[in-house]
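> Pasted the sequence and its predicted model underneath.
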Amino acid sequence: MSAPRVLMEFLRLAADYLSRCGSPSARLDAELLLGHVLGMDRVSLYVNHDRPLEPAEVDAYRRVLRERCRGAPIAYITGKKEFMRVTLKVTPAVLIPRPETELLVEATIQRLRAASGPLLVTDVGTGSGAIAIGLALALPEARVLATDISPAALAVARENVTAHGLDGRVELLEGDLLAPVADAVRTGRIGPLDAVVSNPPYIPARDWESLPRSVRDYEPRLALDGGPDGLDVYRRLIPQAAPLLRPGGLLALEIGHDQEAGLRELLAQDGRWDNVQVQKDYAGHPRVVLATRKA
Ligand SMILES: C[S@@+](CC[C@H](N)C(=O)[O-])C[C@H]1O[C@@H](n2cnc3c(N)ncnc32)[C@H](O)[C@@H]1O
């Protein structure tokens with residue numbers, strides 16, 4: 001076959017190369033990476049299908065294709081990810097926001113939209129700031145306190161919060177789970193909280209080795225590892241959240257596909273929760289747990 005000359009020919013070869021590397025979404029990946037190199041969206045690639053590539057563009061495309069072939073997630077190569085219809089910066093310091101987490105944000109928005117007046121919400125383990133930003137954009141009355149134990153993650157979240165004009169409404173706080181907000185609520189300086197929302201690390205340590213390479217070798221372990229059975233963070237977060245929420249306040253948690261029974265048990269043991277509901281994800285797995293603080 002003759003050497004590729006125009007954009008569409010490079011795209012076809014790149015998709016073949018990525019599918020030989022085992023990528024399940026080779027064509028899409030090839031398009032996203034070429035769009036990244038050329039600064040074009042996917043529609044523009046098709047409009048410019050017969051545009052020749054400069055040698056420097058070919059070199060840059062080869063470089064990112066090799067990275068992808070080694071297993072690097074597309075979002076870390078392009079440095080961005082769509083979440084709740086906005087673009088977020090991502091780096092290897094943060095988990096790449098997942099579509100399942102949009103279900104957590106949507107369920108929370110649905111519950112809080114009915115409330116009138118200002119809202120005080122926390123996003124525990126904010127990472128890129130995805131949940132905090134999604135909530136703040138959809139709920140103009142909400143102030144969001146977003147915590148993370150990782151300063152590197154918070155630096156990325158800071159850029160995203162600023163990029164979306166939310167500096168006044170999303171506060172980023174470094175520390176363990178709800179510790180950075182607990183004193184302020186206890187002493188009455190703020191709160192009580194209307195909602196505690198979290199997508200915490202929940203992968204059982206025993207499942208680590210069976211994670212896809214693109215997750216295990218690239219995403220931060222601190223964002224994923226939930227201890228021996230994956231429930232370590234919930235065990236600490238549920239009792240911390242109860243005294244900080246107002247009566248009727250919302251606890252909204254993302255969970256692993258096989259953790260519904262474990263979460264129901266933890267909430268029942270704690271004894272301060274009502275109206276426990278579990279929502280399923282696109283694959284039909286239990287994914288979002290909602291509960292309200294007993295009066
Ligand atoms: C699964 S990631 C979720 C990131 C983001 N909220 C999202 O949904 O895309 C979990 C996050 O919790 C943070 N984290 C882990 N342990 C923590 C702790 N003890 N206190 C606060 N944050 C923690 C990690 O740094 C990571 O950013």
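Happy to help now that I have it.
> near the ligand, which residues of the stretch 1-150 of the chain show up?
94-95, 97, 101, 125-128, 130-131, 147-150 (CB under 6 Å from any ligand atom). (C-beta placed from N, C-alpha, C; glycine too.)
> Mind putting the residues you listed into TSV with neighbour count, secondary structure and pLDDT?
As requested, these are exported to TSV (neighbours: other CB atoms under 10 Å; DSSP: H, G, I helix; E, B strand; the rest coil; pLDDT from 0 to 100):
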residue	neighbour count	secondary structure	pLDDT
94	29	coil	98
95	23	coil	98
97	24	coil	98
101	21	helix	98
125	23	coil	98
126	30	coil	98
127	29	coil	98
128	29	coil	98
130	29	helix	98
131	30	helix	99
147	23	strand	98
148	29	strand	98
149	15	coil	98
150	18	coil	98
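> Grab the most central residue of the protein for me.
Per CA atoms, centre = their mean, the C-alpha nearest to the average position across the chain is that of residue 97, at 2.5 Å.
> mind listing what that residue touches?
Neighbouring residues of residue 97 by CB atoms under 8 Å, 6 or more residues apart in numbering: 81, 83, 88, 90, 127, 128, 130.
> Name the member of those residues with the shortest distance to residue 48.
residue 81 (24.3 Å; CB to CB).
> what are the phi and psi angles of the closest one?
Main-chain dihedrals, residue 81, degrees, to the nearest 10: phi -150, psi 140.
> burial measure for it, as a count.
21 (other CB atoms under 10 Å).
> so residue 172 sits in a strand?
Yes - using DSSP: H, G, I helix; E, B strand; the rest coil, the assignment for residue 172 is a strand.
> tell me, how many neighbours does the closest residue to residue 95 other than its chain neighbours end up with?
Distance criterion CB to CB, 6 or more residues apart in numbering; nearest residue to residue 95, sequence neighbours excluded, is residue 223 at 4.0 Å. Other residues lying near residue 223 total 21 when counted by other CB under 10 Å.
> How about residue 62?
14.
> One more: the one 10 residues further on?
Other residues lying near residue 72 total 17 when counted by other CB under 10 Å.
> which residues of the stretch 1-150 of the chain fall in strands?
In the stretch 1-150 of the chain, the segments counted as strands under DSSP state E, counting those that start in this stretch are 80-83, 86-89, 119-124, 142-148.
> Need the distance between the two termini of stretch 212-227.
18 Å (CA to CA, to the nearest Å).
> The residue nearest to residue 95 touches residue 94, doesn't it?
Yes - under the criterion of CB atoms under 8 Å, residue 223 is in contact with residue 94, at a separation of 7.1 Å.
> Could you pull out the residues contacting both of the two?
Between them, residue 223 and residue 94 share these contacting residues under CB under 8 Å, 6+ apart: 127, 153.
> what sits against the nearest residue to residue 237 once chain neighbours are set aside?
Nearest in space to residue 237, with sequence neighbours left out and distances taken as CB to CB, 6+ apart, is residue 177 at 5.4 Å. The contact partners of residue 177, by CB under 8 Å, 6+ apart, come to 124, 125, 147, 149, 233, 236, 237, 240.
> and which of those residues is nearest to residue 218?
Distance to residue 218 across these (CB to CB) is lowest for residue 125, with 18.3 Å.
> do you know how far the closest residue to the closest one other than its chain neighbours is from residue 227?
Excluding its sequence neighbours, the residue lying closest to residue 125 (CB to CB, 6+ apart) is residue 200, at 5.1 Å. With the distance defined as CB to CB, to the nearest Å, residue 200 ends up 11 Å from residue 227.
> the more surrounded of these two?
With neighbours defined as other CB under 10 Å, residue 200 and residue 227 compare such that residue 200 has more, 20 against 15.
> Now do the same contact list for that one.
Residue 200 touches 124, 125, 226, 233, 234, 237, 253, 254, counting by CB under 8 Å, 6+ apart.
> For those, which two are the farthest from each other?
124 and 226 (13.3 Å).
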